[in-house]
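Visitor: Could you look at this predicted model? Sequence included:
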Amino acid sequence: SKLQAANRIDMSRTLPSLTLLVGIVAGTAAVTDLGTSLSSVRDVPPSGYSLSMSDEEFRAASSKLTQMQRYVTLERGTERPFANEYFDNHEEGLYVSVIGGLPLFTSDAKYDSGTGWPSFSEPFDPTHVIEKRDSSHGIERIEVLDARSGAHLGHVFDGDGPKGRRYCINSAALRFIPQGEPLPAESRPVAASNELRN
């Protein structure tokens, strides 16, 4: 995996009171519990996208979620296969987090896994996702989280997919932006976002 967590932390507590810091150590993202709230994290990895989100920004974004989006992203739920928005989407574009807009996956990495959920061979950038061991339901899996908001996205499975890994992601955790459509400020690199505001 391109993303290796230096320290695994318990992220089962309620968002947005997560205490994590995503840092870059020798080209990999390190996840460390420093007792620091997300609102105080101001980390910009080489990808150029901010991985920080204030409590106010989190509340504003999460207040717009549908019941299913809230169930998936905040309660670590799973939507039904073959009955979700993007499993059969073949348009070119970008998949961003439904909370905060961080780019997560591209259409180039999407493929049909036959599982009924959107599947991707790799993330937009390895620092944009956090991988965390998940032992819920008596099964050992690797949970995938949005590195900016901490939202639950789905799971990643080794030994599957075109590049040896399958990111099985809930549509409800994503927002699709078709190619050619302007990206909102929160889905642009920091420098580009600042230019839009000026």
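Guide: Now that the structure is in, tell me what you want to look at. Numbers count the residues shown, from 1 in each chain.
Visitor: Low-confidence ranges, the protein, go.
Guide: 1-43, 192-198 (pLDDT under 70).
Visitor: Wait, a strand at F124?
Guide: No - checked against DSSP: H, G, I helix; E, B strand; the rest coil, F124 lies outside a strand; its state is coil.
Visitor: Quickly note the distance from the closest residue to it other than its chain neighbours to R175.
Guide: Nearest non-adjacent residue to F124, counting by C-beta to C-beta, 6 or more residues apart in numbering: P103, 4.4 Å away. From N, CA and C alone the C-beta is placed, and that goes for glycine too. Counting by C-beta to C-beta, to the nearest Å, the separation of P103 from R175 is 10 Å.
Visitor: Check S107 too.
Guide: From S107 across to R175, the span is 13 Å (C-beta to C-beta).
Visitor: Find residues that contact each of those two.
Guide: Counting by C-beta atoms under 8 Å, 6 or more residues apart in numbering, the common neighbours of S107 and R175 are Y95.
Visitor: residue nearest the centroid of the chain?
Guide: Centroid-nearest residue in the chain: D146, 2.7 Å away (criterion: C-alpha atoms, centre = their mean).
Visitor: picking up where we left off before, need the contact list for the residue nearest to F124.
Guide: Y49, L94, Y95, V96, F124, D125, H128, S187.
Visitor: isn't the last one right next to Y95, touching?
Guide: Spelled out, it's S187. No - S187 lies out of contact with Y95 (C-beta atoms under 8 Å); the separation is 10.2 Å.
Visitor: what is in contact with those two at once?
Guide: P103, I177.
Visitor: Tell me which of these two has more neighbours.
Guide: Between S187 and Y95, counting by other C-beta atoms under 10 Å, Y95 is the more crowded of the two (26 against 20).
Visitor: how near is the more buried one to I169?
Guide: Computed as C-beta to C-beta, the Y95 to I169 distance reads 8 Å.
Visitor: intersection of neighbour lists for the two?
Guide: With C-beta under 8 Å, 6+ apart, Y95 and I169 have common neighbours L104, F105, P118, F120.
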